[in-house]
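Asker: Take this sequence and fold it.
(chains A and B)
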Amino acid sequence: MAEMRYGTVIKDGLWDNNQALVALLGLCPLLAVTTNAVNGLGLGIATTAVLLLSNSVISLIRNLVRPEVRLPVFVLVIASFVTAVELSMSAWFFELHKILGIFIALIVTNCTIVGRAEAFASKQPVTLAALDGLAMGIGFTLVLVVLGGMRELVGQGTLFSQAHLMFGEAARGMTLTLGKDFHGMLIAILPPGAFIGMGLLIALKRWLDLRSLAARRQSPAASGEARVA
Amino acid sequence: MVNLKAVTFAGATLALFAILGTGLVAFTQQQTKDLIAANERLALLRKLEVLVPPETVDNDMVQDGVRVHRADLLGDNSTTIYRGRRNGEPVAAVFTTVVPNGYAGPINLLVAVKADGTLMGVRVVSHKETPGLGDKIEEEKSDWVLGFKGKSLADPAEGQWKVKRDGGAFDQFTGATITPRSLVQAVKNTLIYVREQGDRFYRIPARTDNLQEKP
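Answerer: This next block holds a predicted model:
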């Protein structure tokens, strides 16, 4: 029973209830920073760290805090963690922090975080809440990286172009470049490109979901057997 | 009927978390502040060293800064000048010149000028120009900004400090004239400031407090 629960939590975070593609939360930072894959990864990791910490702490204190003051307490907890993460990034990933700039501080306004605190962590034991934070964070990060990679590839003809900001000088070689002659389609880097890319990703996810649903309907016996097994 | 006990308890919980949260932030700030200050200093030093090679000066340029207020020529109400000296003699100065009339807002520059009024180089620190058009002022996108090195008000002649479209000596970019036009003007104004002031700004005592570069 418990194991199934963990499985559901992971699947929800990564796919079924993906905060970016399904819940459509946190779109402001998502659309703004995904001009390349590395920026997306940076914001994704910072968001995941905050989600993991805030979910765990909120689950631990869920019985201590009266319902009337729970939202202000959540906001306090989240704001403290975001500030701590921001200061740490500025200390250890200075260049990346400069690029992501205001969006690290704005994690505090990402509805995903207070959303998961209220909808999940405040009602669940700490292991589940932490797992939920991790899964939701990774799901969000994946979308950030994929969207950033798409926009970077189409708009600039490269992939992982600023990897050294995150992984040190040795990572300069990680950058992939599409032929020299490809100078990119500017629109992908500009704000409209973010919306178009996001729309395509949402459509792709729904298409995949519908396809697997149709496949299940066509062979009910097969899926029934699988369930029994 | 207000339950006083419940209200007090709720208030106390809130206060407790406010204290804990502030404590966490204060602790993190304490742990990271030296590192962050060192990072900022190093980042600034690297930028200055690109323009003024460290072997040409023997002072600490980051510490030897001074603020001046000449919005008419330097583009902002407050401009920092980092001075480079050798044996106490002026070598070069780096100005945090602002281009006030960029296409999409102000452009922050670093303009390095030798004591004799020749440019050692210009770099763009931050801007909001159109990606793919105006952003060719960035060193990573195009060599254009490197072309300022060695120029002065005598070369090209002062009247030639314009983009080619306006009859001057500097290239514009396809699809973006306003950005290079404003930038050339701002660099020219910085040189005019140096000509006007001579070595006066080298003689102002350094102000090391609150010299952080503006974001």
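Asker: Neighbours of the nearest residue to B:V68 once chain neighbours are set aside, how many?
Answerer: Spatially, and ignoring its direct neighbours in sequence, B:V68 is nearest to B:T79 (5.4 Å; CB to CB, 6 or more residues apart in numbering or on different chains). The C-beta positions use only the backbone N, C-alpha and C, and glycine is treated the same way. Burial of B:T79 is recorded as 22 neighbouring residues (other CB atoms under 10 Å in any protein chain shown).
Asker: And A:G184, by the same measure?
Answerer: By the measure other CB under 10 Å, the count of residues near A:G184 is 18.
Asker: Validate this expectation: it resides in a helix.
Answerer: No - applying DSSP: H, G, I helix; E, B strand; the rest coil, one finds A:G184 to be coil, outside a helix.
Asker: residues in contact with it?
Answerer: Contact analysis of A:G184 by CB atoms under 8 Å, 6 or more residues apart in numbering or on different chains lists A:V154, A:G155, A:Q156, A:G157, B:G132.
Asker: ok, so of those residues, who is nearest B:T179?
Answerer: B:G132 (11.9 Å; CB to CB).
Asker: looking at it, the closest one is touching A:A188, isn't it?
Answerer: No - using CB atoms under 8 Å, B:G132 is not in contact with A:A188; the gap is 10.5 Å.
Asker: what separates the closest residue to B:H127 other than its chain neighbours from chain A, distance-wise?
Answerer: Closest residue in space to B:H127, ignoring its immediate chain neighbours: B:I107 at 4.2 Å, by CB to CB, 6+ apart. Here the criterion is CB to the nearest CB, to the nearest Å. By it, B:I107 lies 17 Å from chain A.
Asker: okay, which residue is most central for chain A?
Answerer: A:F140 (1.4 Å; CA atoms, centre = their mean).
Asker: Help me confirm that that one is found in a helix?
Answerer: Yes - counting by three-state DSSP, A:F140 is located in a helix.
Asker: how near is it to chain B?
Answerer: Distance, A:F140 to chain B, by CB to the nearest CB: 23 Å.
Asker: A:L96 too?
Answerer: Separation of A:L96 from chain B (CB to the nearest CB) stands at 11 Å.
Asker: Likewise for A:F81?
Answerer: When distance is defined by CB to the nearest CB, A:F81 is 8 Å away from chain B.
Asker: Repeat that for A:V22.
Answerer: Distance, A:V22 to chain B, by CB to the nearest CB: 30 Å.
Asker: hey, where'd the strands end up in the chain?
Answerer: All of this refers to chain A. A:158-159, A:176-177 (DSSP state E).
Asker: that's the other chain; I wanted chain B
Answerer: Using DSSP E, the strands of chain B run over residues B:65-68, B:79-86, B:89-95, B:98-99, B:107-114, B:119-126.
Asker: thinking again about what came up before, hmm, A:V50 and the residue nearest to the centre of chain A touching each other?
Answerer: No - judged on CB under 8 Å, A:F140 makes no contact with A:V50 at a distance of 10.8 Å.
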